[in-house]
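Novice: sequence first, predicted coordinates after that:
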Amino acid sequence: MSPELKDKIIKVCNTKIAKKGDNVGISFYAFFKNKNDNPELLMEAAEWWIKTHKLDHFEKAVKIKELVL
């Protein structure tokens, strides 16, 4: 996983957890704007989420953060 994606995931997870608590769910789309302005990073996130870890569409942010760390 690239450092850019790792930093982005941790930042988004921390923000979501701080706002909505430990039970907040996220998808890999949460790490991106509604625009496809970085397709390479989006595909890296999708591959990590779907192929590598075989995660469901929505997962707990705390789980994702733990996997990244």
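Specialist: Everything's here; your move.
Novice: quick one, strands of this structure?
Specialist: 25-26, 59-60 (DSSP state E).
Novice: these: which one's closest to residue 15?
Specialist: Set against residue 15 and scored by CB to CB, the strands of the chain come closest in strand 25-26, at 10.1 Å. In short, each C-beta sits where N, CA and C put it, glycine included.
Novice: hmm, who's touching the closest one?
Specialist: Strand 25-26 has contacts (CB atoms under 8 Å, 6 or more residues apart in numbering) with 12, 13, 16, 58, 59, 60, 61, 64.
Novice: if we use 10 Å, what do you get?
Specialist: With contact meaning CB atoms under 10 Å, 6 or more residues apart in numbering, strand 25-26 is reached by 9, 12-13, 16-17, 20, 56-65.
Novice: can you list the strands that it pairs with?
Specialist: Using DSSP bridges, strand 25-26 pairs in its sheet with strand 59-60 (antiparallel).
Novice: and the partner strand, average pLDDT?
Specialist: Taken as a whole, strand 59-60 has an average pLDDT of 98.
Novice: roughly how far out does that strand sit from the chain middle?
Specialist: In terms of CA atoms, centre = their mean, to the nearest Å, the centre of strand 59-60 is found 9 Å from the chain centre.
Novice: start at 41, not 1
Specialist: Got it, the first residue is 41 from now on, which makes the last one we talked about strand 99-100.
Novice: and the contacts of it?
Specialist: Under CB under 10 Å, 6+ apart, the answer for strand 99-100 is 53, 56-57, 62-68, 89, 93, 106-107.
Novice: returning to what we had before: give me the buried subset of the contacts of strand 65-66.
Specialist: 49, 52, 53, 56, 57, 99, 100, 101, 102, 104, 105 (16 or more other CB atoms under 10 Å).
Novice: all set now, cheers.
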